[in-house]
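>>> Here is my input; please provide its structure:
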Amino acid sequence: MVSREARRRKVLVAGLLALVGLLVSAPPAAAVWQPRKVAGVALHPWRLGTRSWAPLWPLRNTALRDRTFRTLGSAGARHARVDLQWSEVEPHPPLLAGTAPLHDWGEFDATVLSARAHHVRLEPVVSFTPSWANGGAGPFAYPTDPARFEEFMTAAMRRYPDIPAWEIWNEPNTATFSPPKPDPAKFVAMLRAAYRARLAAGARAKLITGGVAPAEDGSFSPFAEGIARLGAFRYADALGVHPYSAQRADEDGSAFLRLPKLRSQISRLAGRPVNLWVTEYGYPVYPKHSDYGPPADERGQAIRLGRAFALAAGWPWLERLTWYGFRDDCSAGGHPDCRFGLLRADFSAKRSWRTYLDVLRGKLPLLDTRISIHRKSKLKGRRKTRRKRVHRLFGRVIMPGTDPARGSVRVVAKRRYRKRTRRRRIRATLAGGRYRVSLGRLRPGRWRFKAKFEGNSRYAPVTSRSLRLRVRKPRR
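Predicted coordinates:
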């Protein structure tokens, strides 16, 4: 005979097992957006030759380098994109066949040490092929033998095991950075070499494809889809993108708003979810129309920065958003390429720097929302004198970065009849970003309708235009 104590133990064990089952089967809580994990900054722009607008590698200057990382560290910034120039580390070919070239890590060591001292994690973009490795085809031409790149990456990963991510090349879908023309197959070979280097070094760092730049129509798809079909994401952990555009990030037609579709396309081709890294995004403070778009003052630049991060906060698959760049380090400040910085050349803060600090603290601007309202009327009944006119309202709510919009809409109706005004409120649910309201038969008078979206933590409230309607007494 089972004792009362034994039965009690069985009931207790059964209850605990049921509780564990509920906890295991419960859906995970939504991830909270952590700005310091997402927000990055590029420390200096690319320098393509002796006719550049600034001295090569501003971080060579010890005082500027330490001040840069001290400023970033004290602000709470944790990620910095920098160049790792292969040609600077291995300027000369191997002395003997079958041996590795001599390495000169001095410059990059100094940058790494300064960043570590101020708790900033470097994310290098690796490029600049030594002339001996590609027959003098230029710093951005791929090496003749990808095995040379594999050897270099193996040495780099072993030397800097704490670097969390490596970006392989820059804008490989452009002729500038992949001369003589973009070649998806050659780029995938570079990714494969970097992947083998990671295995050889026993590293855990992520590999990011070089950020692809938008085409003239704002699309990224042809090159990105090409490398996905060739198996790029068997080697790379994420797709790098540079969604520059003349439009603000949250405006129709911007390259930024194409990112969800791009991610969906690449994930489908890769056969697995592929996250994105925005390894460059920015806009210059420049008083004239330029190749980057319309003029912008410091306020305009700050607005663009804030809206981009506000969009990123709603996309958990966007792992990094790196603002290009940290400081105006050009000697010729009249060129737009010299005006992307959050700080001026003397380290004084622009308005965008204050916005960036707000982002790091989790304070984001509200995104704009658009709402429309329309009317549709229909006669019901057989005989003309007894017909009833039934009215319906419908419209759409558009939230940038959200597809489709969710929530509810409140329709406010006002009727003025014989010098008296009455109000009526109707709540409608959004389905696929659209709402519908059936008003039935309206009483005579002058009616005015407005649709209102009340907003939420990410989107600003918005009210539609006023829709007017006059209802007359029915015939008798």
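>>> From now on I want contacts and neighbour counts done on CA atoms only, so please keep to that.
OK.
>>> Please list all residues in contact with Arg354.
With contacts defined as Cα atoms under 8 Å, 6 or more residues apart in numbering, Arg354 has no neighbours.
>>> can you check Phe347 too?
Contact analysis of Phe347 by Cα under 8 Å, 6+ apart lists Arg327.
>>> One more: the one 10 residues further on?
Taking Cα under 8 Å, 6+ apart as the definition of contact, the neighbours of Leu357 are Ala75.
>>> Check which residues of whichever helix or strand it is part of are buried.
Under the criterion DSSP states H and E, the helix or strand holding Leu357 is helix 351-360. Of the residues in helix 351-360, those buried under the neighbour-count criterion (16 or more other Cα atoms under 10 Å) are Arg351, Ser352, Trp353, Thr355, Tyr356, Val359, Leu360.
>>> now swap in stretch 205-221 and tell me
Applying a neighbour-count criterion of 16+ other Cα under 10 Å, the buried positions in stretch 205-221 are 205-215, 218-221.
>>> just curious, which of the residues you listed is nearest to Glu88?
The shortest separation between Glu88 and any of the buried residues of stretch 205-221 is 19.4 Å, and it belongs to Gly210 (by Cα to Cα).
>>> Can you report phi and psi for the closest one?
According to degrees, to the nearest 10, the main-chain angles of Gly210 amount to phi -50, psi 140.
>>> Then Arg196?
Geometry field for Arg196 lists phi and psi as phi -60, psi -40, criterion degrees, to the nearest 10.
>>> burial of Gly362, as a residue count?
Burial measure for Gly362: 16 neighbouring residues, criterion other Cα atoms under 10 Å.
>>> shaky segments in the protein?
Applying pLDDT under 70 to the chain flags residues 1-31, 45-60, 331-333, 380-387, 474-476.
>>> For Lys350, give me its contacts.
Lys350 sits in contact with Glu298, Leu342, Leu343, Arg344, where contact means Cα under 8 Å, 6+ apart.
>>> and the third one, how far is that from Asp329?
Okay, so that is Leu343. When Cα to Cα, to the nearest Å is applied, the distance between Leu343 and Asp329 equals 9 Å.
>>> Same question for Ile208.
For Ile208, the distance to Asp329 - Cα to Cα - is 26 Å.
>>> My guess is Met157 contacts Ala201. True?
Yes - Met157 lies in contact with Ala201 (Cα atoms under 8 Å); the separation is 6.2 Å.
>>> Who has more neighbours out of the two?
Between Met157 and Ala201, counting by other Cα under 10 Å, Met157 is the more crowded of the two (24 against 17).
>>> what about that one, is that helix, strand or coil?
Three-state assignment for Met157 (DSSP: H, G, I helix; E, B strand; the rest coil): helix.
>>> Do a quick rundown of the helices in the stretch 201-350 of the chain.
With helices called from DSSP state H, counting those that start in this stretch, the stretch 201-350 of the chain shows them at 221-229, 259-270, 298-312.
>>> Kindly reformat those as JSON lines containing distance to Leu64.
Shown next, in JSON lines, are these (distance: least, Cα to Cα, whole Å):
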{"stretch": "helix 221-229", "distance to Leu64": "37"}
{"stretch": "helix 259-270", "distance to Leu64": "35"}
{"stretch": "helix 298-312", "distance to Leu64": "23"}
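>>> who wins for proximity to Ala460 among these?
Taking Cα to Cα, helix 298-312 is the member of those nearest to Ala460, at 11.7 Å.
>>> circling back: comparing the helices of the stretch 201-350 of the chain, which comes out most buried?
The densest packing among these, expressed as mean neighbour count by mean count of other Cα atoms under 10 Å, is seen in helix 298-312 with a mean of 21.
>>> Neighbours of Arg418, how many?
Neighbour count for Arg418, taken as other Cα under 10 Å: 8.
>>> The residue nearest to Gly433 when sequence neighbours are not counted: neighbour count?
In this structure, Gly433 finds its nearest non-sequential neighbour in Ala405, 4.4 Å apart by Cα to Cα, 6 or more residues apart in numbering. When neighbours are counted by other Cα under 10 Å, Ala405 registers 18.
>>> right, and Ala405 touches Gly432 too?
Yes - applying Cα under 8 Å as the test, Ala405 and Gly432 come out as touching, 6.4 Å apart.
>>> Relative to Asp297, how far out is Pro284?
8 Å.
>>> And Thr355, by the same measure?
Using Cα to Cα, which is the criterion applied here, Thr355 is 14 Å from Asp297.
>>> Same check on Ala165?
33 Å.
>>> How about Asp291?
Distance of Asp291 to Asp297, computed by Cα to Cα: 16 Å.
>>> Quickly list the domain ranges of this structure.
Domain segmentation of the chain under automatic domain parsing yields 35-360, 370-471.
>>> Out of these, which one sits most buried?
A comparison of those by mean neighbour count, using mean count of other Cα under 10 Å, puts domain 35-360 on top with a mean of 19.
>>> gap between it and the chain center?
Relative to its parent chain, domain 35-360 has a centroid offset of 13 Å by Cα atoms, centre = their mean, to the nearest Å.
>>> Could you verify my assumption that Asp329 touches Ala345?
Yes - in terms of Cα under 8 Å, Asp329 counts as a neighbour of Ala345; the distance is 5.3 Å.
>>> can you tell me the helix or strand for Tyr435?
Here Tyr435, judged by DSSP H and E, is contained in strand 434-441.
>>> which other residues reach that strand?
Contacts of strand 434-441 with the rest of the structure, by Cα under 8 Å, 6+ apart, involve 388-397, 405, 409, 426, 428-429.
>>> of the residues you listed, closest to Gly314?
For Gly314, the nearest member of these is Ala405. The distance, counting by Cα to Cα, is 12.5 Å.
>>> Got the phi and psi for the residue nearest to Gly433?
Per-residue torsions, Ala405: phi -70, psi 150 (degrees, to the nearest 10).
>>> which residues does it contact?
When contacts are counted by Cα under 8 Å, 6+ apart, Ala405 touches Val397, Ile398, Met399, Leu430, Ala431, Gly432, Gly433, Arg434.
>>> Export these as CSV, with columns for secondary structure.
As requested, the contacts of Ala405 are arranged in CSV below (three-state DSSP):
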residue, secondary structure
Val397, strand
Ile398, strand
Met399, coil
Leu430, coil
Ala431, strand
Gly432, coil
Gly433, coil
Arg434, strand
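>>> Mind telling me the two of these farthest from one another?
Checking the contacts of Ala405 against each other with Cα to Cα, the farthest-apart pair comes out as Met399 and Ala431, at 13.3 Å.
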